[in-house]
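1. Any chance you can model this:
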Amino acid sequence: MEATVANRYEKLCSELRNRLESQEFMARHRQQECDFTRERKLTFPMLILMLINMLKRSLQDELDEMFRLFSGAEVAERCVTKSAFSQARQKLKHTAFIELNQLQVAHFYAHFESERWQGYRLLGIDGSLLDLPTHAATLEAFGSWGSRHGTQTAKARVSQLFDVLNHISVEGLLAPIAEGERHLAQQHLAHVGPGDLLLLDRGYPAFWLFLAIVACGADFCARLETHKWSAAQALIASGETDKVVTLSLCPTSRALCKAHGFECDTFTLRLVRVDLPSGEVEVLATSLHDAVRFPTACFAALYQQRWPIEEDYKQLKSQLEVENWSGLSPLAIRQDFYASLFTKNLAAILAHPAQPVVAQQTATRKYGYQVNMTNLLSKLKDTIVLLFSRNHIHSLLDALWQQMLLTIEPVRSDRSTPRKKSVQRRRFPSTYKPTR
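-> Residues are numbered from 1 along each chain as shown. Modelled structure (predicted):
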């Protein structure tokens, strides 16, 4: 590992560790002033380390193994019971993981060379649903999804502001299922500014949201639902591929804009037609009006850059098993979700400097190659505890670096597989945990 890369890693881990151990941080994220004031084996930092360590086995097994890591014992011993852990986590606000994630994201953009598209940071916004334990508390906190059989299943809505080129979750939100995706997208705009370009799927376009993005100094490229937008239908009917149009807002759209603080009667958009290999035609709406800098031909590839956010949800649900909750309460669910986001982002940041090395080493092969993130997440299990509990971590970082360079996978960007509409969801019964 190069010295500059090692220094970046060590500086990041040191900054996170210092924040984790600070009294001010603990004071901000404990439920009451008296919490974590007594001498306990399970301290405030250790509780957070426990939760970012991808808890998927039984709680007692996870606790025994974590304390074995600290003691160096050959066989895990009983130091803290799962009951003590469950009581301790009730004293911890989930906002601790949000702050730690914001800290590492800010560190990444300040100290690492991030990928950009024509000078823009490409940000995708997309949402998904998560299965929750169906209990009275979760149903009340997050809401339910009814089935045709009349049963109620607890679910939450999740939304991400995602850097699609660097695979960083700038912000994640866990919300009741009743909250709409556009409303959550508006909340993400607090992290958006000049130099950002937002990629939006067809469920997001609305004049008020476009105005909110432009008000931040950012730009957008969004897919329109052609059957809902007469301007998109007109573009397709005309045979044109690119057109700047000024649209008059209907009374409903004007009222929505006003409700969000915008007075607007007309809005100017650039519409771009994209013909897909399947024969389907899609229309993109964008605020990038400069046809010289942004020719028509670039938009098909630009919108395809949104795909990594879809893959990120797959990673969150499959590799990180975010729906395999370590607790049943709404607080435990929020802790698990934001802890998973932190761990996922840390893995992406660790892999970032390794990717150019992998690309250079595989330059003569048929396909491009990338770091295998599933393997990296597997190697981070337990190692992440040591990264934030030891003062000297160069050997740990070097071992992770070697694993990233050795375990790679091809990128076959030209493949196209039909999306399966009915996929059997993987379930995680809370009473049956894996042994490893």
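2. nearest spatial neighbour of residue 310, skipping sequence neighbours?
-> Of all residues not flanking residue 310 in the chain, residue 126 sits nearest, at 7.0 Å (CB to CB, 6 or more residues apart in numbering). C-betas here are computed from N, CA, C, even on glycine.
3. quick one: that neighbour is in a helix?
-> No: counting by DSSP: H, G, I helix; E, B strand; the rest coil, residue 126 is not part of a helix but strand.
4. What count of nearby residues applies to residue 296?
-> Other residues within reach of residue 296, judged by other CB atoms under 10 Å, total 16.
5. Isn't it up against residue 242?
-> Yes: when contacts are counted by CB atoms under 8 Å, residue 296 is listed as touching residue 242 (4.3 Å).
6. so what sits against both of those two?
-> Listed as contacting both residue 296 and residue 242 by CB atoms under 8 Å, 6 or more residues apart in numbering are residue 272.
7. Just the residues contacting the helix or strand of the chain with the lowest mean pLDDT, thanks.
-> Ranking every helix and strand in the chain by mean pLDDT, DSSP states H and E puts strand 144-146 at the bottom, with a mean of 81. The set of residues external to strand 144-146 that reach it, using CB under 8 Å, 6+ apart, is 129, 134, 152-155, 177.
8. Each with direction, which strands does it pair with?
-> Using DSSP bridges, strand 144-146 pairs in its sheet with strand 152-163 (antiparallel).
9. buried residues in the partner strand?
-> Of all the residues in strand 152-163, those buried under the rule 16 or more other CB atoms under 10 Å are 153-163.
10. what's around the residue lying closest to residue 307 once chain neighbours are set aside, how many residues?
-> Leaving aside its sequence neighbours, residue 307 sits nearest to residue 164 (CB to CB, 6+ apart; 7.6 Å). Counted with other CB under 10 Å, residues neighbouring residue 164 total 23.
11. Let me see the contact set for residue 164.
-> Contact analysis of residue 164 by CB under 8 Å, 6+ apart lists 122-124, 199, 305-309.
12. Roughly how far does it sit from residue 121?
-> Per CB to CB, to the nearest Å, residue 164 is found 9 Å from residue 121.
13. ok, now which ones touch the residue lying closest to residue 329 once chain neighbours are set aside?
-> Closest residue to residue 329 apart from its sequence neighbours, by CB to CB, 6+ apart: residue 137 at 5.9 Å. Contacts for residue 137 (CB under 8 Å, 6+ apart) come out as 328-330.
14. State the distance from residue 62 to residue 50.
-> 7 Å.
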